[in-house]
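# what's the 3D shape of this:
(one chain, ligands or ions: 1)
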Amino acid sequence: MHITAETALCGIALHPAGHTRSPAMHNAAYAALSIDAVYLAFDVRPAELADAVAGMRGLGIRQLSVSLPHKEAILAHLDEVDETARRIGAVNTVLRRGDALVGTNTDWLGAVGALERETRLEDRQAIVLGAGGTARAVVYGLRARGARVHVLNRTPEKARALADDLGAEGAGGLEELADRPYDVLVNTTSVGLGSDASPVDPDHLGRGGVVLDAVYEPERTRLLRDAEARGARVVSGRWMLVYQAVAQLEAWTGQTAPVEVMAKAFG
Ligand code: ATR
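Now for the predicted structure:
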């Protein structure tokens, strides 16, 4: 890497910062595309978010990714938030447009890109497990691509509120999976993160279809193994992280991002 006075500074604001793979993915893409930029991880505590945004302005940071726990709080500090990020209720990318800092969201493109490795989405019947922040981005993406969506959650009231808000067809509790056929199933609950648990009874899974787990550690979760045993094509959550980064890079540069390079850098 050759840093000069022209080198653009980009990065990610998150807390804690230790585990992020975003610098590896973005820097690998810059190298592959010969983009004169460097991407760093900024550990920003919640109380310092406003200062971090002011720092982005003052230092001329060109593209800032935003991760937990700042994705919702940052909306209040930006000059503009685009329609997509408003609908999802979260910003994962800040770009400069003239002097303005503009928030957008590419998490939905992460889910769509991951699923579209295996299937088209238009007119497909999708089920989303969970009703938190990740579910909002996933449901938005599925609706944007023309899928029919049902939201199932441990707390069904939250699933109903999310479904109403984002135009999903229906909602219910996790156990309803047993009676509901699907082409596409996406887990957005935290069940399976660092454990070998599944959010659903394996006997409630359908046969075949495409199953995506937003949980990416471990890469092959219990849900994905159960689904594979029932003939599903499975997609690891790492692809959601790769494709949301791909969309961030493309939004900033206007160039086509090198997906395989970024996936390899993710590790
Ligand atoms: P994120 O922003 O990653 O989506 P979140 O907003 O905290 O995280 O949402 C976590 C999701 O995992 C919720 O849908 C939650 O269900 P509830 O709405 O009922 O809390 C779900 N979840 C967490 N632990 C769970 C468990 N043990 N069993 C089933 N669902 C669980």
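# excluding its backbone neighbours, what's nearest residue 229?
Leaving aside its sequence neighbours, residue 229 sits nearest to residue 202 (Cβ to Cβ, 6 or more residues apart in numbering; 7.6 Å). For every residue, glycine as well, the C-beta is placed using N, CA and C.
# separation between that neighbour and residue 224?
Distance, residue 202 to residue 224, by Cβ to Cβ, to the nearest Å: 11 Å.
# Please apply the same query to residue 192.
For residue 192 relative to residue 224 (Cβ to Cβ), the value is 9 Å.
# can you list residues touching both of those two?
Here residue 192 and residue 224 share the contacting residues residue 213, scored by Cβ atoms under 8 Å, 6 or more residues apart in numbering.
# quick one: which helix or strand includes residue 86?
helix 83-88 (DSSP states H and E).
# just checking, next helix/strand downstream of that helix?
strand 93-97.
# same for that following strand, what does it pack against?
Contact here means 3 or more Cβ pairs under 8 Å, 6 or more residues apart in numbering; DSSP states H and E; on that basis strand 93-97 packs against strand 63-66, strand 100-104, helix 238-253.
# Just send the ones you listed back as a markdown table, with mean neighbour count, distance to the ligand and mean pLDDT too.
Below are those laid out as a markdown table (neighbours: other Cβ atoms under 10 Å; distance: least, Cβ to the nearest ligand atom, whole Å; pLDDT from 0 to 100):
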| stretch | mean neighbour count | distance to the ligand | mean pLDDT |
| --- | --- | --- | --- |
| strand 63-66 | 26 | 13 | 98 |
| strand 100-104 | 19 | 17 | 98 |
| helix 238-253 | 23 | 11 | 98 |
